[in-house]
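Peer 1: Sequence first, predicted model second:
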Amino acid sequence: MAEEKKLTGYPSVDKPWLKYYKPGAEEAALNIPEGKTVWDVIEEKLLQHKDIPAIEYFGRMISRPEFIDMVYTWARAFKALGIKENEIVPYYGPFFPDVGAMAFALNIIGACPYFLKLAISTEALAEETADARIAIVYDDMWVNVSSELSKDRFQKVIIVTAADAMPPPKKQIFSLIGSLKHRGKINQIPRGGKYIRLTQAKHYSKIYRGELRTPFVPNRPAFITSSSGTTVDGVVKGCVATNESTIAQFVMGTASGVQFFSGERCLNHFPPTASTALNILFLLPLYSGMTVVMDPRVSEDDFYRQVLTSHASVIVNTGSAWEAFFNRIDNEIKQGKTFDFSYAKCWVVGGEGTDISKYTKWKQLLLAYNSPVGIACAYGLSELFSAVCTELPSARFDEQKTTIGVGIPYAGIVLSVFDQNGIEKSYNQRGELWIKSPSAMKGYYKKPELTAQIKIDGWIHSGDLAEIDENGFVYIWGRTKDTISLSDETEVYLFDIANKIKENEYIDDAIVLPVIGESDRKRLVAHIVWANSFSEEEKVKCVEDLNETLSRYLPSELSLYAYAEHAVMLPYSPTTLKKDKNKLYRQTSGYYQVKNHQFIDISLQ
């Protein structure tokens, strides 16, 4: 741990988080290899750990030499298919071993994969793929993109399946079940012509015998992932990572002592559209000598099974997904089941995060069942190719705070919070989090105007309201745009109101959303989860108590119009695994209020 310095009061100057790192960590984090591609660096690391499997996929172990061969096979195939230097190749679908190999192969030949957002609209798909000639798509999702990829401008469409890399007999069984279960969807993919199945595409590699590697070009795009946030009005935003910015993530993570250990296992079950899946759960594990356990299934039951059977030391998921997992574990413990979580060394809450009470409960549960460190929190942005902050065994945030901490910044990163005028704020004050990092994106793909709004003078403006304490720990409150405006233009944060509701011990979780009515008063609705099973009479008293509390807390213009309760936990999206605010916004029934000590039903229609 480095020696502490006297604080100036400004985090970007003091960098108090550096005291948790070894001396020289910041210099090591910024010592980024020059003139190398991502594949140059990864291949070196793969060859250093030749005896450790690169990927496990449905029981098949893919060795590092075998995976290297897969990469070069695809590089030759892409060359034979005519993919050119600087060409963008879109991919739509989950993560499979061949998809990882394809990404590296494109890197070798100087092209760039674009991992499209799975929830992309038809209009956005047309815009984001306007310059593409060749695309890659997962067969079971063809119907989502067929209207665009069927157009004549696409010269080749490579079709991948979940069974492609499976070992026999699983491959044959899965293919048969899939063809029967999804016959209508799969059969819509035309046969022949420009449509090439994966095995057929690989045969193209036998045609090409020329040079594969292209000369290194500074600042060339290496990967494009899709931002899952709403930094700029919810527009689809492809974040362009260069070779340099991607490699910077590897170097900074290693210098910061992230808990990725050679010979251990990392679960990857997210699609590569998310920078976390691509970097933290694929690239960095391979760089660190780990085995990537790849399983593209993302249901609640699948995640539960994956965690318990993969024995992965590194697992990252959203607060909602972890909540569902730990709810199930807690119920099974109550029924007498025991667990051994000694392999849980780097289980991380990312994405939307969670709240302090849940985090503390989960950490204590894991520690009680042999985990050496419990669970940790982290924070990242697609605009920075994922990782920004993380907890470490020697650096845990203050659980006495009222909002969740996400650890300390990576060595090599500078960050602070700023007011609306761009003035840096001091410790324990809230403001928008700005970040400077060598891993910053080149920009949003084909969106220079949006890039200019978020990347200013070297700072990435996160759109998150945060504070930083004197030890350098970062605490995230919510999105800066998660507000409702008053008549005097004052902004009230909706998550502050939700936090006020959650202060009551009878509330487990809450989200507050606006409902703009015809009256001058601005109305709000609260979606709540009860902490226990209450009778109707008890619920009435609790709602009356909430109404009284909020009448004192809220400005006179605002009122809590109605409540909607949810069993066990708030709903979350099956694609993002985050709380599904869009679904809650669309809900028009199931609301109630209390009047004269009785529930009355309320509709928002």
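Peer 2: On my side now, so go ahead. Computed from a predicted structure; not experimentally measured.
Peer 1: Contacts only, for the closest residue to T451 other than its chain neighbours.
Peer 2: In this structure, T451 finds its nearest non-sequential neighbour in G443, 3.8 Å apart by CB to CB, 6 or more residues apart in numbering. Every C-beta, even on glycine, is put in place using the N, C-alpha and C of the backbone. Neighbouring residues of G443 by CB atoms under 8 Å, 6 or more residues apart in numbering: V240, T451, K455.
Peer 1: Just the strands from the stretch 151-300 of the chain, written as ranges.
Peer 2: Counting by DSSP state E, counting those that start in this stretch, the stretch 151-300 of the chain has strands at residues 156-160, 195-197, 221-226, 238-242, 265-268, 291-294.
Peer 1: Could you export stretch 302-318 as CSV, CA atoms only?
Peer 2: Taking C-alpha atoms only, stretch 302-318 is exported to CSV below (Å, rounded to 0.1, in the frame of the first residue of the first chain):
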residue,chain,number,x,y,z
ASP,A,302,-29.6,-21.2,-16.2
PHE,A,303,-27.6,-18.7,-14.2
TYR,A,304,-28.3,-20.6,-10.9
ARG,A,305,-27.1,-23.9,-12.5
GLN,A,306,-24.1,-22.2,-14.1
VAL,A,307,-22.9,-20.7,-10.8
LEU,A,308,-23.2,-24.0,-8.9
THR,A,309,-21.7,-26.3,-11.6
SER,A,310,-19.1,-24.2,-13.4
HIS,A,311,-17.0,-23.6,-10.2
ALA,A,312,-15.9,-20.3,-11.7
SER,A,313,-13.9,-18.0,-9.5
VAL,A,314,-14.9,-15.0,-11.7
ILE,A,315,-18.6,-14.3,-12.2
VAL,A,316,-20.2,-10.9,-13.1
ASN,A,317,-23.9,-10.1,-13.2
THR,A,318,-26.4,-7.4,-12.5
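Peer 1: List the contacts of that stretch.
Peer 2: For stretch 302-318, contacts defined as CB under 8 Å, 6+ apart pick out 259-261, 264-267, 269, 276, 280-281, 285, 290, 293, 295, 297, 321, 324-325, 328, 339, 343-352, 378, 572, 576-578.
Peer 1: Provide a ChimeraX selection command restricted to the buried entries of those.
Peer 2: The buried residues among the contacts of stretch 302-318 can be selected in ChimeraX (16 or more other CB atoms under 10 Å) with this line:
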select :259,260,261,264,265,266,267,269,276,280,281,285,290,293,295,321,324,325,339,343,344,345,346,347,348,349,350,351,352,378,572,576,577,578
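Peer 1: Please flag which of the contacts of stretch 302-318 sit within helices.
Peer 2: P285, A321, A324, F325, R328 (DSSP state H).
Peer 1: Tell me the one of the residues you listed nearest E128?
Peer 2: E128 lies nearest to A321 out of the ones in helices among the contacts of stretch 302-318, by CB to CB, at 26.9 Å.
Peer 1: ok, now which ones touch S150?
Peer 2: S150 makes contacts with P190, as judged by CB under 8 Å, 6+ apart.
Peer 1: I247 too?
Peer 2: Residues near I247 by CB under 8 Å, 6+ apart: I32, P33, K36, V38, V41.
Peer 1: circling back to that earlier point, nearest to R64, out of the strands of the stretch 151-300 of the chain?
Peer 2: Across the strands of the stretch 151-300 of the chain, R64 has its closest neighbour in strand 291-294 (9.5 Å, CB to CB).
Peer 1: Report the strands that pair with the closest one, each with its relative direction.
Peer 2: If you go by DSSP bridges, strand 291-294 pairs up with strand 55-57 (parallel), strand 265-268 (parallel).
Peer 1: Among those strands, which comes closest to Q598?
Peer 2: Taking CB to CB, strand 265-268 is the member of these nearest to Q598, at 48.8 Å.
Peer 1: would I315 count as being in a strand?
Peer 2: Yes: assessed with DSSP: H, G, I helix; E, B strand; the rest coil, I315 lies in a strand.
Peer 1: beta partners for it?
Peer 2: Beta-bridge partners, per DSSP bridges, of I315: W347.
Peer 1: If I look at it, what pLDDT would I see?
Peer 2: On pLDDT, I315 comes in at 98.
Peer 1: in stretch 120-135, what counts as buried?
Peer 2: Counting neighbours by 16+ other CB under 10 Å, stretch 120-135 gives I120, A124, L125, E127, E128, T129, A132, R133, I134, A135 as buried.
Peer 1: Next step: these restricted to helices.
Peer 2: Judged by DSSP H, those include A124, L125, E127, E128 as members of helices.
Peer 1: Let me know the closest of these to I484.
Peer 2: A124 (27.9 Å).
Peer 1: Was I right to think the closest one contacts V236?
Peer 2: Yes: using CB atoms under 8 Å, A124 is in contact with V236, at 4.2 Å.
Peer 1: Would you mind checking which helix or strand in the chain has the lowest mean pLDDT?
Peer 2: Lowest on mean pLDDT, DSSP states H and E among the helices and strands of the chain sits helix 183-186, with a mean of 54.
Peer 1: Which parts of the stretch 301-450 of the chain are helices?
Peer 2: Secondary structure of the stretch 301-450 of the chain by DSSP state H, counting those that start in this stretch: the helices cover 319-334, 356-368, 448-454.
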